[in-house]
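Peer 1: Quick one, fold the following:
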Amino acid sequence: MKKQGVALVERQYLFPFVLITSLFFLWGFAHAILDVLNKHFQELLTITRTHSAMIQATMYMGYFIMAIPAGLFINRYGYRRGVVLGLLLYGVGSLLFIPGQHWMSFNFFLFSLFVIGCGLTFLETAANPYVTELGAKETAASRLNFAQSFNGLGCIFAPILTGILLFADEEKGASGNVALPYAVMGVIVLLAALAFVRVRLPEIPHEEEVDSEGNRVGLWAHKLFVFGLIALFAYEVAEISINSFFINYVTEVGWMNARDASLILSFGGLGLFMVGRFVGSWIMRRVRAEKMLFWCATGTVITTLLVILDLGSVSFVALLCGYAFEAIMFPTIFALSLKGLGSHTKRASSFLMMSPVGGAVGPVLMGLVGDYADMHWAFVVPFVGYVVVWCYARHMMRLKN
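Peer 2: Residues are numbered from 1 along each chain as shown. Sure, this is the predicted structure:
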């Protein structure tokens, strides 16, 4: 686990790294469940694609609203307490699905998802920057990609389990119990919170950055951070939009039913996503992160364009391949954006964690296009997002050269 003789994780930080990495699985699971819920609620409650997109919009609005408070909390009380609070909110929001199932209220489900989104904001605002600091700066992007690979593992399991539970009796016209996977997840998350209460995570000090005259350098003076923030927002628009309407796309083309589509999403798309992160982490120990990001962004632009062109099975294969190309984008952009920020790191992380609000914007736009045109035209929305990431990657690679 080395890059040019530098360890991926420093020995004294190995246990905290393993502990924090386990969290990535939990929020990967929470995100991927949404992609199955989207189609399930369309059928169960007879709502439009645009209306069902409120599932993603509500949860990711939690990121936008809670990101700055999360950053302030973590900056004052430290990474560990931020993780514990995030797990508590995540667990409570999951258990709220039990009364939601009883009342069968779409609005109450949305409120539960909002609470989960607030909890995930605390988790990700703490865990992402913390992982980048548990070793040398040269391996920060590779280290975060490796940890984020377990996020992909959670993404694989979620559609399998929830797809089987929710679409098992679709031919009989029966609906699954949406509260069951969330109730189990809530118990597991609250047990994880109890474990973190009893563990001490080492805090990593930062030096305050000053210019040549000794004046403090502000966060927004870092133009590459601002560009990285825009690129991360664009990536979230693209990734979450595609995940949200993957099942709609493949079922409306007539390739398979919703249950089979959820399995293809899991084993095919999200399986390639996880493999892409593991492979990407390995490659970035030998290749610069900027270069890797550029070629992967090029791949997503091409594959999404092939989906828009509606080329039958070619478009379907391109859609799946896009998952492998996009896999390294979030952790790589995140790590590159935090480079050289010093004492601004925690605050910068909170702003970066506002970027998932793209998940509130992208699916709604894609749903609107899908309601008024064929689903393949709706992929114009993620296409634009990937083009922005490509521009960021090209700029970063030029600077490095």
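Peer 1: Mind listing what's buried along stretch 13-22?
Peer 2: By 16 or more other CB atoms under 10 Å, the buried positions in stretch 13-22 come out as 13, 16-17, 19-21. C-beta coordinates here come from the backbone N, C-alpha and C atoms, glycine included.
Peer 1: Averaged pLDDT, that stretch. What do you get?
Peer 2: Average pLDDT, stretch 13-22: 85.
Peer 1: Now do that stretch: distance to the chain's middle.
Peer 2: The chain centroid and the centroid of stretch 13-22 are separated by 19 Å under CA atoms, centre = their mean, to the nearest Å.
Peer 1: Residue 158 against residue 25, yeah?
Peer 2: No - using CB atoms under 8 Å, residue 158 is not in contact with residue 25, being 10.1 Å away.
Peer 1: quick one on the thing from earlier: in strands only, show me the buried residues of stretch 13-22.
Peer 2: Of those, none are assigned to strands by DSSP state E.
Peer 1: tell me the two of those residues that are most distant?
Peer 2: 13 and 21 (11.5 Å; CB to CB).
Peer 1: coming back round to it: the more surrounded of residue 158 and residue 25?
Peer 2: Neighbour tally, residue 158 and residue 25, criterion other CB atoms under 10 Å: the higher count belongs to residue 158, 25 against 18.
Peer 1: so where is the protein shaky, pLDDT-wise?
Peer 2: Applying pLDDT under 70 to the chain picks out residues 1-6, 35-36, 38-40, 42-45, 159, 163-176, 204-217, 401.
Peer 1: All the strands of it, residue numbers only.
Peer 2: Taking DSSP E as the test, the strands found in the chain are 2-3, 6-7.
Peer 1: all helices for the stretch 301-401 of the chain, in order.
Peer 2: Per DSSP state H, counting those that start in this stretch, the stretch 301-401 of the chain carries helices over the ranges 313-326, 329-338, 345-352, 358-372, 380-400.
Peer 1: next one: the stretch 1-150 of the chain
Peer 2: Ranges of helices in the stretch 1-150 of the chain, per DSSP H, counting those that start in this stretch, are 14-45, 49-52, 54-77, 79-95, 97-103, 106-132, 140-167.
Peer 1: next one: the last one to chain centre, how far?
Peer 2: Translated: helix 140-167. Centre-to-centre, helix 140-167 and its host chain are 10 Å apart (CA atoms, centre = their mean).
Peer 1: packing partners for that helix?
Peer 2: The contact analysis (3 or more CB pairs under 8 Å, 6 or more residues apart in numbering; DSSP states H and E) places helix 140-167 against helix 14-45, helix 106-132, helix 179-197, helix 258-263, helix 271-283, helix 329-338.
Peer 1: any residues touching the fifth one, and which ones?
Peer 2: Residues external to helix 271-283 that are found in contact with it (CB atoms under 8 Å, 6 or more residues apart in numbering): 142-143, 145-146, 148-149, 151-153, 155-156, 292, 296, 320-321, 323-328, 331-332.
Peer 1: Backbone dihedrals for residue 354, please?
Peer 2: Backbone torsions of residue 354, given as degrees, to the nearest 10, read phi -80, psi -20.
Peer 1: Go through the helices of the stretch 1-150 of the chain and name the closest to residue 361.
Peer 2: Nearest to residue 361, of these and by CB to CB, is helix 54-77 at 7.7 Å.
Peer 1: coming back round to it: which among the buried residues of stretch 13-22 gets closest to residue 245?
Peer 2: For the buried residues of stretch 13-22, the nearest to residue 245 is residue 21 (30.0 Å; CB to CB).
Peer 1: I'd say that closest one and residue 134 touch.
Peer 2: No - look at residue 21 against residue 134 with CB under 8 Å: they stay out of range, at 9.9 Å.
Peer 1: Could you export stretch 178-192 as CSV, keeping only the C-alpha atoms?
Peer 2: The C-alpha trace of stretch 178-192 is given here as CSV (Å, rounded to 0.1, in the frame of the first residue of the first chain):
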residue,chain,number,x,y,z
VAL,A,178,-40.4,-0.3,3.1
ALA,A,179,-39.9,0.1,6.8
LEU,A,180,-38.1,-3.3,7.3
PRO,A,181,-34.7,-2.5,5.6
TYR,A,182,-34.7,0.9,7.3
ALA,A,183,-35.5,-0.5,10.8
VAL,A,184,-32.7,-3.0,10.5
MET,A,185,-30.3,-0.3,9.3
GLY,A,186,-31.4,2.0,12.2
VAL,A,187,-30.5,-0.6,14.8
ILE,A,188,-27.1,-1.3,13.2
VAL,A,189,-26.3,2.4,13.0
LEU,A,190,-27.3,3.1,16.6
LEU,A,191,-25.0,0.2,17.7
ALA,A,192,-22.2,1.8,15.7
